[in-house]
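>>> have a look at this prediction, sequence included:
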Amino acid sequence: MTAQPGSGTRRASSDDPRVMLDIDAGAYEPVPPYPPRTEREAEFYTLADGEMFVNMGPQHPSTHGVLRVVLKLRGEQVVDLDPVLGYLHRGVEKLAENADYHHTIAYMDPLEYISSLFCEWPAVMAFEKLLDVEVPRRAEYIRVLSTELNRVASHALFMGWFALDLGGLTPVLWSFIERDEIVEMLGALTGARMLFNYMRIGGVNGDLNHEFMSRLGAWMSRAGTHIDSNTKLLNENEIFVRRSRGLGVVDRETAVRMCMTGPNLRATGVPFDVRRAHPYSVFPELDFDIPTRTEGDSLARYLLRVDEIKQSLRIIDQCLHQMPDGPIMAKLPRRLTPRPGRAYAAVESPRGQYAVYAMSDGTDQPFRLRIHDPSFVHLQSVGLLMPGNLVADTMAIMASLDPVMGGVDK
Amino acid sequence: MSFIPGIGIAKGMALTLLRFFQPKVTIRYPEVAADVSPKFRGRLQLLYDEWGTLKCETCFQCAQACPIECIDMGGTDTKGRYHVHWGAAETYGERRDESALRRSGRPVPDEAYSHDQPMNLEAVDAILAAYDHDPGSMLQILGDVQDTYGYLPVAALKRISTSTGAWYAMIYGTASYYRHLRFDPPGQSVGICRCTSCLISGGGRIQEALERGLRASLGKTPLSGGIRLEQLPNHVAGASSPLVMVAGEPVALTPETAEPWARGLAPQSGTRAQA
Amino acid sequence: MTSVSRAWGRLTLPGKIIFTLVPLLLAMTVGLLVAVVLVGPYVLQFLGDNLPLVRFVVAATAVLLMSIPTAFIIIYMEMKVIALMNLRIGPDRVGPYGSLLSVVHGLKVLMKEDFTPTGADAPVFTLAPAVVYLGAVMSLLVIPFAPGLFGQDFNIGLLYFFAVSGLSVVGLMMAGWSSYNKYSLLGGLRSAAQVISYEIPLTLSVVGLLLLAGTMSLNTIVLNQSGTALDWYIFRQPLGFLIFFIAATAEANRTPFDLTEADSEIVAGFATEYSGMRFGFLFFAEYVGVFVVSAMTVTLFFGGWNAPFNWPWPVTASLDPGSLGILLLILVAIVPVLGTLLFAAPFWLLRSSMPGWQALIIGFLIFNFVAVGAVLGWAFISFDWVVGLLWFMLKTYGFVFTFVWMRGTLPRVRIDQLMGFAWKWLLPASLLNLFVTAGALIVLNR
């Protein structure tokens, strides 16, 4: 079965039902209907003997979101692959140019929809730099508190997903119990469970309320033991460890060269964390460690996230103890017109460095807004990691990189 | 990872068996509602302020601004006029519980759409065709529709909106701005004049008697339906005081006869609505 | 004529049905009686001459009839047990504790569109679920459920089991190949590789047991294990049991070896393109397979229908109702009245607000429960096959629970690990088991 590019004749659109039956083998091949545009495309879409294409996604059960990967297989082994992006593209950067600064925050939410607060924060921070606003300390502490909660929720979900992609049914539901509790809590604080729209330029939308605090207190008193107990199911499980150890190994140099950040980079041994490397907000005042591992494989990425959850719990605890009194919003005019200029702000999201680069032309709308999404960067490395592995591991490697397609496609 | 093979698997199996007997976290939804925080804003519904009045003024600005027209309203507007329903049942906050119950096979009374009687809209189509479906001549269209039906039915407004392309919110705003346009069949209201001469000659006492008799207060629609008591815009020239009007005809009433008269009005309301 | 039609028209619907059915039934009864009188002796003689054939037909029918409820029970069990392990509640709407949900699933797949994708090899595609289901169901024929309750007692019963359970892989490959879908193809080929690899340790693991038992007849193997739990082969063949259990898990395509339908890798494997009752057959075959594998484990290693301990004498004392004679009639006549009064008395005496008739109703209901319990207990004591079936089902569903439990706990292995495990570990271990058993037999001189 050799499918040459262009030879896979698509079924002609016709009302004649007999045409439906008259298909050749190429009709279902994931080969583009146009002649190859680049050399790489021509090389990829030429099959050697014994190879075949498998089209994974965009509606495969375990591609996270709507990623589509065209795999070139020899038996069960992946020879080559071609990720196809853009199924979730909404043009957020362009939308932001036509919205004023306040509206932009709402557009940022659905990017990394697993941890939305981390998308709002750099945008808000960049606008604050443009406007030269000083954020009240209480607002900063609330931001740190809520985002660290969101980080725990995101990592908990990752642990479940990773296990699900390796075939375990139970961990994902146990993770969702923890995530649901956090998300309900953030719902009590922000008013929404997923797309929070909580950060404001110069502060946050609402102060800590009684319901949030009582839920948080109840959860904090058992979070550590619960998460430890949940991880016991997998961390020592021989099948899980043997499947994820040595899978998708990235070494230090490659990781740095591929611009990886976040847990995926730290799993290779580089202790780079934006919270410490380029401190922002009140992180200099907080005491926490940056866990690293040296293996750089999927197991290391998994275990590193478990460690990060514990550090996040430490940060939450400190935030609760050091929470100052005061206002939660800076005094700002209703209509924001920053002076012309540029600003860059980056935060450490659960996936890595999440950054926003904003340009102002003096009107009340951003002139240009560039979003740097770590998932997109990490997804580049699947081309390095996957060839040579088996079909079963493609999704496991993908899951261990933890991309969110909302952020990748923007 | 220990040195004895299989010990990790055994630990995992023991943990799942332990969880097998632990209390469960599922909430059985239609019977038990989840504990939703008061600040939660994921539900589109009308809110009440601390005095118990509706915060929503049914101005339709939010529905107009929504790019995908997912916002919907149900309730009474501030002038106490009528229930506004616009859109699919599933998008209603107030109807979501009902829908869930209905899906789980329980009988639920369906009251929210009872006012939306199917009606013949050919006259509206004719009027729209006469004005070339031009939203610019909205006032004339609305006037003609009212002349035809006697009032502006919601279904007609919806038809005008879909046909001309004007937002429902705009049409509703236009219709609620002009006083000669009304949303209810005219016979369903009793008008009472509150000019000085009428008040001097006992209009206030007649109004109280009518309010008792109709179980409605002036200017408010009784939520249970029924006949409304309205203030007349001005005294009709040549009519005697105190003036009470039903369907454009003055009725001679005294404070003593008003209450039984109003009680007697109630059973006829069904036929009067068609007048 | 018009009066007849008018009378017909006045009948209600039930009336019409009864009016039609009663004469029909009468005619059929008469016809049947005549047929029995005329043909009956010949038929009986024919059946008596061909008793094995009759037995086979009855057994095959019974096995087919029991397979679907078995699948329903295991599907419900899987849904509920995994839900409880996930800290969910699971099915709880249809029937008591949701127990009829799997039946509703069965009805659902019956009503769905039976769809053959364009490009599929239609005859093979249609035949594949039947082959898979047949492979699962035919294994049930040789399993001894209880003393005297088995389809067929082959002297090569075990060999038949391995042969027939290997049949299902043909069906899986047919399904995978004919679907015209690459995920199906991968699933079918995976199942072929997996099942063929695990057939070898599966078969070799019981050879040691066969040396001990000296027979391949499953009935005899079970009889050899009678006595207490210490006589079971699990204590003489622990390694063999472990290998058999692991290989059987792979054979039944269960987690952690469910690579053929790994939903996070190859969508649904060989079943990707199936819908409707064809999918239902594939689905049911998997669960019947789980039952078969559990039953076979119990039969070979856990004593089959043997009780794990000897009952004390009051339980084993059997009572023949025929020996009571006229006393039995008196018993049947008097005991219900006395029992009802006896159970009604406390309610009537202690609850002054309760009228007498209500107490009598309650007493009667309680008496019925007690009586049914007593009859069951009597059957349990008197009939070997009741107690045997009870023990067999108890043990078998214990293993089914273990399979479900594993599904709720373990992640899936990779295909190379799966094959490596079979060839590098299970095969040498089963050979070791065989040699050790043989050596022990020689040393101990049988």
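Arrived safely.

>>> CA only for contacts and neighbour counts going forward, please
OK.

>>> in the chain, which helix is the longest?
Just so you know, I chose chain A. Longest helix in chain A by number of residues (criterion: DSSP state H): helix A:137-165.

>>> hmm, I had chain C in mind actually
helix C:13-49.

>>> in that one, what's buried?
By neighbour count on 16 or more other CA atoms under 10 Å in any protein chain shown, the buried set for helix C:13-49 is empty.

>>> same for it, what does it pack against?
Helices and strands touching helix C:13-49, by 3 or more CA pairs under 8 Å, 6 or more residues apart in numbering or on different chains; DSSP states H and E: there are none.

>>> what sits up against the top helix by length along chain B?
Counting by DSSP H, the longest helix found in chain B is helix B:7-21. Contacts to helix B:7-21, defined as CA atoms under 8 Å, 6 or more residues apart in numbering or on different chains, come from residues A:232-234, A:236-239, B:1-2, C:81, C:84-87, C:405-406, C:408-410.

>>> need the residues of chain A near chain C, please.
A:20-21, A:23, A:54, A:60-62, A:76, A:163-171, A:173-174, A:233, A:239-240, A:243, A:391-393, A:395 (CA under 8 Å from any CA of the partner chain).

>>> in helices, which of those fall?
Using DSSP H, the residues of chain A next to chain C in helices are A:20-21, A:163-165, A:170-171, A:173-174, A:233, A:239-240, A:243, A:391-393, A:395.

>>> select only the buried ones of these in ChimeraX?
Remark: buried members of these, expressed as a ChimeraX selection using 16+ other CA under 10 Å:
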select /A:163,164,165,170,171,173,174,233,239,240,243,391,392,393,395
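
>>> show me where chain B dips below the pLDDT cut-off.
B:1-3, B:43-118, B:186-187, B:220-226, B:237-238, B:248, B:266-275 (pLDDT under 70).

>>> tell me the SS of the residue in it that chain A sits nearest to?
Nearest residue of chain B to chain A, counting by CA to the nearest CA: B:Phe40, 4.0 Å away. Following DSSP: H, G, I helix; E, B strand; the rest coil, the label given to B:Phe40 is coil.

>>> what's the mean pLDDT across stretch A:296-309?
Per-residue pLDDT over stretch A:296-309 has a mean of 90.

>>> show me where chain C dips below the pLDDT cut-off.
Scanning chain C for pLDDT under 70 picks out the ranges C:1, C:311-325, C:380-383, C:446.

>>> that older thread, and the residue of chain B closest to chain A, how far from A:Gly206?
12 Å (CA to CA, to the nearest Å).

>>> how about A:Val84?
Distance, A:Val84 to A:Gly206, by CA to CA: 40 Å.

>>> which one's more surrounded, those two?
The residue with more neighbours, out of A:Val84 and A:Gly206, is A:Gly206; 17 against 13, by other CA atoms under 10 Å in any protein chain shown.

>>> my guess is the more buried one contacts A:Thr190, does it?
Yes. A:Gly206 is within contact range of A:Thr190, at 6.8 Å (criterion: CA atoms under 8 Å).

>>> quick check: neighbours shared by these two?
What both A:Gly206 and A:Thr190 touch, as defined by CA under 8 Å, 6+ apart, is the set A:Tyr198.

>>> pull up the residues of the stretch 301-446 of chain C that are close to chain A.
C:Arg407, C:Gly408, C:Thr409, C:Leu410, C:Pro411, C:Arg412, C:Val413, C:Arg414, C:Ile415.

>>> quick one on the thing from earlier: which other helices and strands contact the longest helix of chain A?
Using 3+ CA pairs under 8 Å, 6+ apart, helix A:137-165 sits against helix A:117-131, helix A:170-190, strand A:203-204, helix A:298-322, helix A:391-401, helix C:263-266.
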